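**Student:** Got a predicted model here, sequence first, then my questions.
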Amino acid sequence: MATFSELNGVDDDIASLDISETGREILRYHQLTLTTGYDGSYRVEGTVLNQRLCLFHWLRRGFRLCPSFITSQFTPALKSELKRRGIARNFYDDTNLQALVNLCSRRLQKRFESRDIHFLCLYLQYCLLQHHAGITPQFNPLQRRWAESCLEFQVAQEIGRHWQRRALQPVPPDEPLFMALLFSMLRVPDPLRDAHQRDRQLRQSIKRLVNHFRELGNVRFYDEQGLCDQLYTHLAQALNRSLFAIGIDNTLPEEFARLYPRLVRTTRAALAGFESEYGVHLSDEESGLVAVIFGAWLMQENDLHEKQIILLTGNDSEREAQIEQQLRELTLLPLNIKHMSVKAFLQTGAPRGAGTDYCALYHAITALFTTADLYGPDADNTSTGADPQNARISMREQLSGAKTLPEAPPAPLPRTRRGPDIDTGNRRKRS
């Protein structure tokens, strides 16, 4: 504990909290366990593949957030261990490693930024350390086929041959697979330029996904190509995460599914064929992000902003919550539902400035009329013997200019060249 406190410049209590949080994160994202030894040391336990993917994520994050720590702590410790193991210096010499990375850059026709070059040099040194100790990742058949089918696999084989010539010993068969995965995860998918066979296959799969969603939801997209391009960028990375059990932030699905239940359900149904084709099951977190993309593109037209709804309420919160959920099931589009008591509505009408952008739900009143003391003890017409039908008509007459909830989404909007910003539910009201 003292070592961690000193490295991070914090007291032991803060260091303990940081370690606990780190343990939860690596378990959630990489299925790794942080254990404590009898001497107070810490150990990360899990598969070699998951450990390497975890280091990939956190080392890249470290370069972004605290490069000085990488330079002053991680790099010297890694080189010291390479030297202690007696590994020939020419294997991990920075000049040689940079030349190897530049060779990969030319083969892949990809220009690596200086930060990526620095990252790759360190990461390859770590892999060399594990290789020297006989530690190598294991791939299941599906993961193996995926790595072998990617553009980067030929370059990965070349790296393996390079090390084999210098080390005069065979390279484990799964090392080139991991090198292929490593370089593929550094590549940002580009729907306009990616031309490998697997990239073309993914684009066709996404077109089928969009068609299936359109049929299930009975909707249409004006700029369908823009939607497909954004889905390509997202799903190319989501497939890597799903195939290699890499988790993502799990704070979205529960709230998003509550606000947009039909959108989430339709997206999950549309993804079934896509998942079957690739032999994966996208997590609720991953499918939730796909639903966000679909929802954002449905909202591209000027008149398809959130539908503003006033839910007239009484004193039955449970029933009102049920009604709100039923309303959200009616449409794929987002609803901004505001609660307002019937008594307040009768006295003041719809909120000032609401105009015709609000839908006053007189439908809800019929159900609420069956509840005793709907308007409270001082209100008029509180008799439970009142005719609900007449009450509903009377209420409807008072909703001058208000619109009822549309049964189907309005027609799509003009094309926008810029892709939509993904919205997780807290959309700002448009002017």
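**Tutor:** Perfect, thanks for sending it. Not measured: the values here are computed from a predicted model. Residues are numbered from 1 along each chain as shown.

**Student:** ok, residues contacting stretch 78-91?
**Tutor:** For stretch 78-91, contacts defined as C-beta atoms under 8 Å, 6 or more residues apart in numbering pick out 92, 96, 122, 125, 126, 128, 129, 132, 133, 163, 166, 167. Backbone N, C-alpha and C define where each C-beta goes, glycine included.

**Student:** Confirm residue 43 sits in a strand?
**Tutor:** Yes. Counting by DSSP: H, G, I helix; E, B strand; the rest coil, residue 43 is part of a strand.

**Student:** didn't it look like it was pressed against residue 35?
**Tutor:** Yes. Using C-beta atoms under 8 Å, residue 43 makes contact with residue 35 at a distance of 5.1 Å.

**Student:** which residues touch residue 52?
**Tutor:** Here residue 52 is in contact with 126, 127, 130, 137, 178 (criterion: C-beta under 8 Å, 6+ apart).

**Student:** So which of these belong to helices?
**Tutor:** 126, 127, 130, 178 (DSSP state H).

**Student:** Please convert those residues to CSV, extending it with pLDDT and distance to residue 108.
**Tutor:** Supplementary listing: these in CSV, determined by pLDDT from 0 to 100; distance: C-beta to C-beta, whole Å:
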residue, pLDDT, distance to residue 108
126, 95, 21
127, 92, 18
130, 91, 23
178, 95, 16
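
**Student:** Out of those residues, which comes closest to residue 248?
**Tutor:** residue 178 (21.1 Å; C-beta to C-beta).

**Student:** Next, count neighbours for that closest one.
**Tutor:** Using other C-beta atoms under 10 Å, residue 178 is surrounded by 24 other residues.

**Student:** switch to numbering from 3
**Tutor:** With 3 as the first residue, the last one maps to residue 180.

**Student:** my guess is it contacts residue 50, does it?
**Tutor:** No. The pair residue 180 / residue 50 is not scored as a contact, 9.1 Å apart, by C-beta under 8 Å.

**Student:** who touches both of the two?
**Tutor:** Joint contacts of residue 180 and residue 50 (C-beta under 8 Å, 6+ apart) are 138, 139.

**Student:** so where do the helices sit in the stretch 153-302 of the chain?
**Tutor:** Assigned by DSSP state H, counting those that start in this stretch, the helices in the stretch 153-302 of the chain fall at 155-169, 176-188, 199-219, 226-245, 255-261, 263-280, 286-300.

**Student:** Among these, show the one with the smallest mean pLDDT.
**Tutor:** With a mean of 79, helix 255-261 has the lowest mean pLDDT of the helices of the stretch 153-302 of the chain.

**Student:** Tell me how far the residue lying closest to residue 275 once chain neighbours are set aside lies from residue 207.
**Tutor:** Distance criterion C-beta to C-beta, 6 or more residues apart in numbering; nearest residue to residue 275, sequence neighbours excluded, is residue 214 at 6.1 Å. Using C-beta to C-beta, to the nearest Å, residue 214 is found at 11 Å from residue 207.

**Student:** The closest residue to residue 33 other than its chain neighbours - how many residues pack around it?
**Tutor:** Among residues not flanking residue 33 along the chain, residue 52 sits closest, at 5.5 Å (C-beta to C-beta, 6+ apart). By other C-beta under 10 Å, 20 other residues sit near residue 52.

**Student:** now residue 52: how far from residue 244?
**Tutor:** Relative to residue 244, and taking C-beta to C-beta, residue 52 is found at 14 Å.

**Student:** now do residue 208
**Tutor:** Taking C-beta to C-beta as the measure, residue 208 falls 15 Å from residue 244.

**Student:** Equivalent analysis for residue 159, please.
**Tutor:** Counting by C-beta to C-beta, the gap from residue 159 to residue 244 is 25 Å.

**Student:** Repeat that for residue 33.
**Tutor:** 13 Å.

**Student:** Compare those two (neighbour count), which wins?
**Tutor:** Remark: of residue 33 and residue 244, residue 244 carries more neighbours, 19 against 16, as counted by other C-beta under 10 Å.

**Student:** one step back: quick one: closest of the helices of the stretch 153-302 of the chain to residue 6.
**Tutor:** Residue 6 lies closest, by C-beta to C-beta, to one member of those: helix 176-188, at 28.0 Å.

**Student:** and of the helices of the stretch 153-302 of the chain, who's closest to residue 104?
**Tutor:** helix 155-169 (12.0 Å).

**Student:** And the closest one, what does it pack against?
**Tutor:** helix 91-94, helix 96-110, helix 176-188 (3 or more C-beta pairs under 8 Å, 6 or more residues apart in numbering; DSSP states H and E).
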